[in-house]
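Novice: got a sequence here, can you model it:
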Amino acid sequence: MQVVILCGGKGTRLRELTEDIPKPLVEIGGKPILWHIMKIYSHHGFNDFILCLGYKGSKIEDYFKKHKNDWSITFVDTGENSLKSQRLMQIKEYIKGDTFLCAYGDDVCDVDIKKIIEFHKKNKKIATLTAIPLYSQFGIVEIDKNGAVGSFKEKPRLNDYWFNGGYFVFDKKIFDYLDKGELEKEVFEFLASQKQIQAYRHEGFWKSMNTFKDTIELNQIWDKGQAPWQIWQD
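Specialist: Numbering: from 1, shown residues only. Below is the predicted model:
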């Protein structure tokens, strides 16, 4: 089963680091976050990658041609300003089987890829996404009707709320719907209306590299030797 990774965005929220390199090449522990994502898939036995390139995509290609590995990598320039759905449409011809894996190029987690695939096959939907529990970005103050403060909760989990964490499994039929608009908006909303998208709940570790603060935190986790996504053995 092939792994498609979306690597084309400009990473504008990480401008401190992405003026010269694309966000997937921003490093954790001396290796690009994209390398970490590919190692996660490789650990589970998936070594055939299709990289959807865009902003400074040639630097990603140069990196992997310089740093040899046992992976099969197809590099596809999908345009600097393309929507994610448009990037996927451009790699259609490279998909060999009826099902393929897909991920964003800036998220790491310890999800079991094979369990997502089993879940996908069991439910027989066009798309499966990995759902991550949502936590408040702020501390919460509990207040009664009279304004009295009862307690404080530091960034609690928001029960019953989940968000899209990527790490998808797609049936090849997904290509029939990509012209409806952006992947996470019009495409997924239409599939939801047709009951053709399922969520695999992941309660473990997940973190995205969206800001400079995220980069620092991910490197701190790695430097402490406590990276939950490092499921491989070098």
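Novice: from the centre of this protein, point out the most distant residue.
Specialist: residue 146 (43.9 Å; CA atoms, centre = their mean).
Novice: what sits closest to the spatially most central residue of the chain if chain neighbours are left out?
Specialist: Nearest residue to the geometric centre of the chain (CA atoms, centre = their mean): residue 104, 3.2 Å. Sequence neighbours aside, residue 166 is the residue nearest to residue 104 in space, at 4.3 Å (criterion: CB to CB, 6 or more residues apart in numbering). No exception for glycine: its C-beta is placed from N, CA and C like everyone else's.
Novice: tell me who's in contact with residue 12.
Specialist: Residue 12 is in contact with residue 18, counting by CB atoms under 8 Å, 6 or more residues apart in numbering.
Novice: how about the contacts made by residue 1?
Specialist: Shown in contact with residue 1 (CB under 8 Å, 6+ apart): 46, 48, 97, 99-101, 117.
Novice: please indicate which of these are buried?
Specialist: Buried members of the contacts of residue 1, counted by 16 or more other CB atoms under 10 Å: 46, 48, 99-101, 117.
Novice: name the nearest of these relative to residue 230.
Specialist: For the buried ones among the contacts of residue 1, the residue nearest residue 230 by CB to CB is residue 46; the value is 16.8 Å.
Novice: beta partners of the closest residue to the closest one other than its chain neighbours?
Specialist: Take residue 46 and drop its neighbours on the chain: the residue closest to it by CB to CB, 6+ apart is residue 3, 5.2 Å away. Using DSSP bridges, the bridge partners assigned to residue 3 are residue 49, residue 101.
Novice: and the one 4 residues further on, by the same measure?
Specialist: According to DSSP bridges, the partner residues bridging residue 7 are residue 53.
Novice: got any ranges where the protein has weak pLDDT?
Specialist: 14, 135-136, 138, 150, 152, 156-159, 234 (pLDDT under 70).
Novice: that one: strands as residue ranges?
Specialist: Ranges of strands in the chain, per DSSP state E, are 3-7, 27-28, 31-32, 48-53, 72-77, 99-104, 107-109, 127-135, 140-143, 149-153, 157-164, 168-171, 197-201, 206-208.
Novice: how about stretch 25-32 as CSV, C-alpha atoms only?
Specialist: Only the C-alpha atoms of stretch 25-32 are listed here, as CSV (Å, rounded to 0.1, in the frame of the first residue of the first chain):
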residue,chain,number,x,y,z
LEU,A,25,12.3,19.9,6.2
VAL,A,26,12.2,21.7,9.5
GLU,A,27,14.2,19.5,11.8
ILE,A,28,13.4,17.5,15.0
GLY,A,29,16.6,16.1,16.5
GLY,A,30,18.6,16.9,13.4
LYS,A,31,16.2,15.2,11.0
PRO,A,32,13.3,16.7,9.0
